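*Asks:* Next comes the sequence, and after it the predicted model I'd like to discuss.
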Amino acid sequence: MPRKFATLGFVVVASLLAGCSSTSSDKGAEASVKADAPASASNANAIPGRCDAGLGQFAIGKPASIDLLSQVRARTGSQDARILGPDDMVTLEYRSERVNVNTDASGKVTRINCG
């Protein structure tokens, strides 16, 4: 009888340890995706889909428009973008994948930031 419990205990422990180990067969694919991505000085460490506001600074001083918003979103690598006026009510949650194009009362871009 003690031998059955010892065997059962061994099987349970071996199963738990096997379940806790992790091996990934996608490491080669991940490495090739990273190798194919263009590397530049400003976005070498950028995470895909995350906003990099520094790349959107070209828009400051220009009149805000849907076309400009699309360009800023594309250049900053953001998934989402919005134009904010000086008196607009906004939500306060921070979203790292969103770029904000802040404007003055005349509609000129004054600031580019993430969130």
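*Replies:* Cool, the structure landed. Numbers count the residues shown, from 1 in each chain.
*Asks:* Only C-alpha atoms from now on, for both contacts and neighbour counts.
*Replies:* Noted.
*Asks:* where do the helices sit along this structure?
*Replies:* 2-20, 27-36, 66-76 (DSSP state H).
*Asks:* Of those, which shows the lowest average pLDDT?
*Replies:* Mean pLDDT values for those show the minimum at helix 27-36, a mean of 36.
*Asks:* Kindly state the beta-bridge partners for residue 109.
*Replies:* On the basis of DSSP bridges, residue 109 is bridged to residue 103.
*Asks:* And the pLDDT for it?
*Replies:* Looking at residue 109, its pLDDT is 97.
*Asks:* residues in contact with it?
*Replies:* 59-64, 101-103 (Cα atoms under 8 Å, 6 or more residues apart in numbering).
*Asks:* out of those residues, which are buried?
*Replies:* 59-60, 64, 101-103 (16 or more other Cα atoms under 10 Å).
*Asks:* Pick the one among those residues closest to residue 90.
*Replies:* Nearest to residue 90 among these, counting by Cα to Cα, is residue 102 at 11.4 Å.
*Asks:* can you tell me how far that closest one sits from residue 7?
*Replies:* The gap separating residue 102 from residue 7 is 67 Å, by Cα to Cα, to the nearest Å.
*Asks:* Check residue 91 too.
*Replies:* From residue 91 over to residue 7 (counting by Cα to Cα), the distance is 59 Å.
*Asks:* Chain neighbours aside, what residue packs nearest to residue 97?
*Replies:* residue 50 (4.3 Å; Cα to Cα, 6 or more residues apart in numbering).
*Asks:* any idea how far the one you found is from residue 61?
*Replies:* From residue 50 to residue 61 the distance is 24 Å (Cα to Cα).
*Asks:* And for residue 69?
*Replies:* 13 Å.
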